[in-house]
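Participant: 3D, please:
(one chain, ligands or ions: 2)
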Amino acid sequence: MNTEHPPDAEYMQLALNEAAKGLGRTSPNPPVGCVIVRDGEIASEIVGRGFHPKAGEPHAEVFALREAGERARGATAYVTLEPCSHDGRTPPCADALIAAGVARVVVAAGDPNPQVNGRGLEKLRAAGIEVATGVLEAAAVRQQAGFRSLVTRGRPHVIYKYAMTLDGKVAALNEGNGPVSGPEARARVMAWRNEVDAVAVGARTALLDNPQLNVRGLDGGRDPRAVLFDPEGHLPASARAVREGTVLVLREGRSTPLERDPRVTVLHAHSLQGALEQLAGLGVATLLLEGGPTLASAFFEAGLIDELRVFVAPKLLGAGLSPLLAPVRSMHAATELAVERVEVVGNDVLVIGGLSV
Ligand code: AOF
Ligand code: ZN
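Facilitator: Residues are numbered from 1 along each chain as shown. Ligands and ions are numbered 1, 2, ... in the order given. Prediction:
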């Protein structure tokens with residue numbers, strides 16, 4: 001009889017799908033997913049699934065083990081992050097896996113948290129559990145980019161999102177700017193807003209475009225924090241992005257009437273790096289920059305953009321505004337994107353990639 005064992009990567013993908021349910025809800029903790037699989041006579045069977053829903057609540061492994069019950073004994077656990085070894089807000093997951101009698105643990109990526117950092121794997125191995133690592137590691141690292149950035153750099157993972165024409169313009173030079181990309185692209189942006197901790201714009205954009213920076217048209221969606229970079233404190237309370245949880249980032253020594261607004265947190269920063277560190281302190285692990293080019297250019301020049309998500313609309317504009325304003329002297333000096341994904345979204349082309357700075 002031929003026993004069917006789907007490869008580890010297939011189950012790990014299911015675990016990553018579980019983890020994705022926690023995106024935007026777990027910070028400062030990572031989104032983590034777990035799937036428990038038991039070998040049967042003919043085929044293997046998933047006996048437990050779980051994801052980490054929120055910091056302070058149980059970890060992914062605990063939910064999956066609860067569902068599996070006795071069937072976890074002798075089974076394989078697929079976890080997107082190294083099971084924790086420490087007593088945090090919750091007891092160690094490595095101990096829970098050992099106690100449940102799991103025979104094999106497959107891990108996508110190690111946990112860079114200094115309290116774990118390999119000790120989870122060690123604990124499992126010491127208990128005689130077979131451990132495999134690195135399965136779909138790149139995808140897991142991408143999914144956990146915010147958490148990993150907080151732990152290793154003390155600042156959020158920063159994504160610059162924009163939509164441009166085929167000739168690389170985000171807006172016409174004159175008034176009367178309509179949207180660049182189509183409705184499908186805008187729906188995708190709503191999904192991203194639901195997955196990140198915070199969305200940022202500069203004061204000019206907050207005034208001129210007056211964006212709501214919220215999630216619309218998405219079942220079960222939740223609004224990210226709105227972060228408004230307003231160095232001089234000019235932004236009026238009537239800006240639509242001012243709501244519960246909004247953060248205003250001012251230059252040191254400046255003030256704003258919004259300081260008296262109980263819904264608003266005001267930060268004073270001497271640099272963008274300093275602002276990001278303070279945002280990390282508020283639990284912001286992923287920050288989506290939504291413009292405009294002046295703010296994005298300042299981030300870019302400071303080496304603070306980690307990822308680009310760019311919609312290219314099949315339109316030509318001629319003269320217009322570029323997504324980045326700082327000129328580079330020659331093509332040799334251009335910054336390169338490590339392209340991770342290219343996808344057609346409606347009539348637009350989406351390019352996603354990492355900037356190593
Ligand atoms: C796991 N599974 O699902 C998650 C892990 O304060 P605690 O107890 O919630 O611990 C938080 C730390 O645990 C976090 O910084 C990270 O190192 C790890 N997260 N580990 O085994 C999970 N969310
Ligand atoms: Zn844990």
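Participant: for Val180, which non-adjacent residue is spatially closest?
Facilitator: Ala163 (4.0 Å; CB to CB, 6 or more residues apart in numbering). Heads up, the C-betas are built off the backbone N, CA and C, glycines and all.
Participant: over to Asn113?
Facilitator: Nearest residue to Asn113, sequence neighbours excluded (CB to CB, 6+ apart): Val151, at 5.5 Å.
Participant: doesn't the one you found belong to a helix?
Facilitator: Yes - judged by DSSP: H, G, I helix; E, B strand; the rest coil, Val151 forms part of a helix.
Participant: one step back: which stretch of helix or strand covers the residue nearest to Val180?
Facilitator: If you go by DSSP states H and E, Ala163 is part of strand 157-165.
Participant: for that strand, C-alpha coordinates in CSV please.
Facilitator: What follows is strand 157-165 as a C-alpha-only set of coordinates in CSV (Å, rounded to 0.1, in the frame of the first residue of the first chain):
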residue,chain,number,x,y,z
HIS,A,157,9.1,47.5,8.9
VAL,A,158,8.2,50.3,6.5
ILE,A,159,6.4,49.7,3.2
TYR,A,160,6.0,52.5,0.7
LYS,A,161,2.9,52.0,-1.4
TYR,A,162,2.0,54.1,-4.5
ALA,A,163,0.3,54.0,-7.8
MET,A,164,2.0,55.5,-10.9
THR,A,165,1.4,55.8,-14.6
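Participant: how big is the angle separating the helix or strand that it is followed by from strand 157-165?
Facilitator: On the C-terminal side of strand 157-165, the nearest following helix or strand under DSSP H and E is helix 183-195. Using axes from the mean of the first three to the mean of the last three CA atoms, to 10 degrees, the direction of helix 183-195 lies 170 degrees away from that of strand 157-165.
Participant: buried set for helix 183-195?
Facilitator: Ala185, Arg186, Arg188, Val189, Trp192, Arg193, Asn194, Glu195 (16 or more other CB atoms under 10 Å).
Participant: including distance to Ile129 and pLDDT, could those go into TSV?
Facilitator: Shown next, in TSV, are the buried residues of helix 183-195 (distance: CB to CB, whole Å; pLDDT from 0 to 100):
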residue	distance to Ile129	pLDDT
Ala185	45	98
Arg186	47	96
Arg188	40	97
Val189	42	97
Trp192	37	98
Arg193	39	98
Asn194	36	97
Glu195	32	97
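Participant: pick out whichever of these sits closest to Ala109.
Facilitator: Glu195 (18.2 Å; CB to CB).
Participant: excluding covalently adjacent residues, which one is nearest to the closest one?
Facilitator: What sits nearest to Glu195 in space, not counting adjacent residues and going by CB to CB, 6+ apart, is Leu23, at 4.0 Å.
Participant: count of neighbours near that neighbour?
Facilitator: Using other CB atoms under 10 Å, Leu23 has 21 neighbouring residues.
Participant: quickly note the distance from it to ligand 2.
Facilitator: Distance, Leu23 to ligand 2, using CB to the ion, to the nearest Å: 18 Å.
Participant: list the contacts for that residue?
Facilitator: Shown in contact with Leu23 (CB atoms under 8 Å, 6 or more residues apart in numbering): Pro31, Gln143, Asn194, Glu195.
Participant: of these, which pair is most distant in space?
Facilitator: Across these, no pair lies farther apart than Gln143 and Asn194, at 14.5 Å, counting by CB to CB.
Participant: sorry, back to before: partner strands of the strand holding Ala163, parallel or antiparallel?
Facilitator: Strand pairing for strand 157-165, determined by DSSP bridges: strand 286-289 (parallel), strand 307-313 (parallel).
Participant: beyond the first one, next helix or strand please.
Facilitator: This points to strand 286-289. That would be, after strand 286-289 and using DSSP H and E, helix 293-301.
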